[in-house]
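Colleague: Any chance you can model this:
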Amino acid sequence: MKKRLLFVIPAFNIGGTVVSTINLINLLEEKGYDISILSLNKYGEMSYLYKDVKQIKLPLWASTIYSNSWREDKSWLIRLTALLIRVLCKINVLRAFLIDCAAKSAIKASDFDAVIACQESAATEFVSYSKAKNKIAWVRCDYSRYMGMINKDETSIYENFKKIVCVSDATAESFVNIFPQLKERTYAIKNPQSDKYIINQSKVDDLDSRFKTDKFTIVSVGRFDPVKRFEQIPTIASFLIENNVDFRWYIIGGGSGSVEQELITNINKEKVAENVICLGIKTNPLFYIKKSELLVTLSSSEACPRVINEAKILSTPVVCTDFSTAKEYIESGKDGIIDTIDNIKYSILDIIKNKNLYNNIKTNISKFEFDNSALMNSIEKLLNDN
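Modeller: Sure thing, here's the model as predicted:
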């Protein structure tokens, strides 16, 4: 009999969780697993990726706990009911009761061999209330940084999980430092990725007349969040111009309006509008990564920088900052460059000007093959350990 799995995600929004989860689902389906997906918010630009996956839907009242889509509903009765539920959720005891009812309604313990919360926060909280015997929580962040943002103790949530999967050695270490009592339940397993899917998607032409490759082409990809440090790109671009580099730097992403506004302000301040171009949200950034000559990541923190492996699979050299997991993905000087945020402009200049360095890195990553076998063996062991 096929093992039945339920994956719970917060939403179908653009981001690493949605892409990494569908990659894992596709790989597990190839192995014969029977898989369903439950999204706490039915909307999102990437929902099309899941069109062939069985959907488990929350009752309408339950979806309002985590989703703001009710604000757009034409029915005043639905809006009023949703508002009442959101007010009740401000009281901890009532919030717990409502989530418990929602989880029981959506997830029957006998229906699934394992239930997986695909991301910290909402999905993990929701799954913690389910009665499934094998509950697995995926942690896709530097938990010490995340804990500072949420400012609350989630011990009682994670104690409900049989296993906790962190997406890198560094994130596992961070998590265990916060929850040493959960060390025996915590595993470091990187995100599986499909070379075939990434290569095929990179060939799908995503036409945008603003994207040109007649000059040295740099690309940065990610949600507009302070952690990505996109606002520093214009200053680096100005430095490259001063050093006679003829280039265009494309930024793909969306999200925080304040981050975008700071980026635009800095573009105008540095007078680099002809060199730094914001392309906005793209459902297929792989096309742009493949067509670019360099991927640059300026993040202060990355749990599992999927975009770096995507670039390596597509033979696009990478320059990134020295966030805690960088050395797990890049061997600096061999298949990319790692540098501090203060010095990264010099590394970008060097890899553009030094053709031998660029070509050596390009040659090395052209031999890169992403091996899922060990990762999938580890994941399957956790899924089947009841």
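
Colleague: count of neighbours near residue 77?
Modeller: 8 (other Cβ atoms under 10 Å). Placement of C-beta: from N, CA and C, glycine included.

Colleague: Which of the helices or strands spans it?
Modeller: Element membership for residue 77 (DSSP states H and E) is helix 76-88.

Colleague: tilt between the next helix-or-strand element following that helix and helix 76-88?
Modeller: On the C-terminal side of helix 76-88, the closest following helix or strand by DSSP H and E is helix 92-106. Orientation check (axes from the mean of the first three to the mean of the last three Cα atoms, to 10 degrees): helix 92-106 against helix 76-88 gives 130 degrees.

Colleague: I'd like to know which elements helix 92-106 is packed against.
Modeller: Judged by 3 or more Cβ pairs under 8 Å, 6 or more residues apart in numbering; DSSP states H and E, the packing partners of helix 92-106 are helix 60-63, helix 76-88, helix 122-128.

Colleague: tell me the SS of the residue nearest to residue 243 when sequence neighbours are not counted?
Modeller: Using Cβ to Cβ, 6 or more residues apart in numbering and skipping residues adjacent in sequence, the residue nearest residue 243 is residue 349, 5.6 Å away. Classification of residue 349 using DSSP: H, G, I helix; E, B strand; the rest coil returns helix.

Colleague: Identify, out of the helices and strands packed on helix 92-106, the most deeply packed stretch.
Modeller: Counting by mean count of other Cβ atoms under 10 Å, helix 122-128 has the highest mean neighbour count of the helices and strands packed on helix 92-106, with a mean of 23.

Colleague: I'd like the C-alpha coordinates of it written as CSV, please.
Modeller: This file holds the C-alpha atoms of helix 122-128, laid out as CSV (Å, rounded to 0.1, in the frame of the first residue of the first chain):
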residue,chain,number,x,y,z
ALA,A,122,1.9,29.2,10.7
ALA,A,123,2.2,25.8,9.1
THR,A,124,4.1,24.4,12.1
GLU,A,125,1.7,25.8,14.6
PHE,A,126,-1.3,24.3,12.6
VAL,A,127,0.2,20.8,12.2
SER,A,128,1.2,20.7,15.9
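
Colleague: Show me how far it is from its chain's centre.
Modeller: Relative to its parent chain, helix 122-128 has a centroid offset of 17 Å by Cα atoms, centre = their mean, to the nearest Å.

Colleague: So which residues make contact with the next helix or strand after it?
Modeller: Beyond helix 122-128 on the C-terminal side, the first helix or strand identified by DSSP H and E is strand 135-139. Strand 135-139 has contacts (Cβ atoms under 8 Å, 6 or more residues apart in numbering) with 114-120, 124, 127-128, 158, 160-167, 171, 175, 303, 382-383.

Colleague: circling back to that earlier point, my guess is the residue nearest to residue 243 contacts residue 241. True?
Modeller: No. Taking contacts as Cβ atoms under 8 Å, residue 349 lies outside contact range of residue 241: 10.8 Å.

Colleague: show me where pLDDT drops low in this protein?
Modeller: Along the chain, segments meeting pLDDT under 70 span 1, 70, 72-73, 256, 386.

Colleague: got the residue ranges for the strands in it?
Modeller: Ranges of strands in the chain, per DSSP state E, are 4-9, 34-39, 54-55, 114-117, 135-139, 163-166, 186-188, 216-221, 247-252, 276-280, 294-297, 318-321, 337-339.

Colleague: The fifth one pairs with which strands, parallel or anti?
Modeller: Taking DSSP bridges as the criterion, strand 135-139 sits next to strand 114-117 (parallel), strand 163-166 (parallel) in its sheet.

Colleague: Could you export those as CSV, including distance to residue 251?
Modeller: Shown next, in CSV, are the strands paired with strand 135-139 (distance: least, Cβ to Cβ, whole Å):
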stretch, distance to residue 251
strand 114-117, 31
strand 163-166, 29
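
Colleague: Would you mind finding the most buried of those strands?
Modeller: strand 114-117 (a mean of 27).

Colleague: mind listing what's buried in stretch 314-323?
Modeller: Going by neighbour count (16 or more other Cβ atoms under 10 Å), the buried part of stretch 314-323 is 314-321, 323.

Colleague: how far does it sit from the chain's center?
Modeller: Its chain's average C-alpha position is 16 Å from that of stretch 314-323, according to Cα atoms, centre = their mean.

Colleague: what do you get for stretch 211-223?
Modeller: 20 Å.

Colleague: Going forward, count from 26.
Modeller: All right, first residue 26 from here; so that's stretch 236-248.

Colleague: Going by neighbour count, which residues in it are buried?
Modeller: 236, 241-248.

Colleague: from these, which is closest to residue 272?
Modeller: For the buried residues of stretch 236-248, the residue nearest residue 272 by Cβ to Cβ is residue 241; the value is 4.1 Å.
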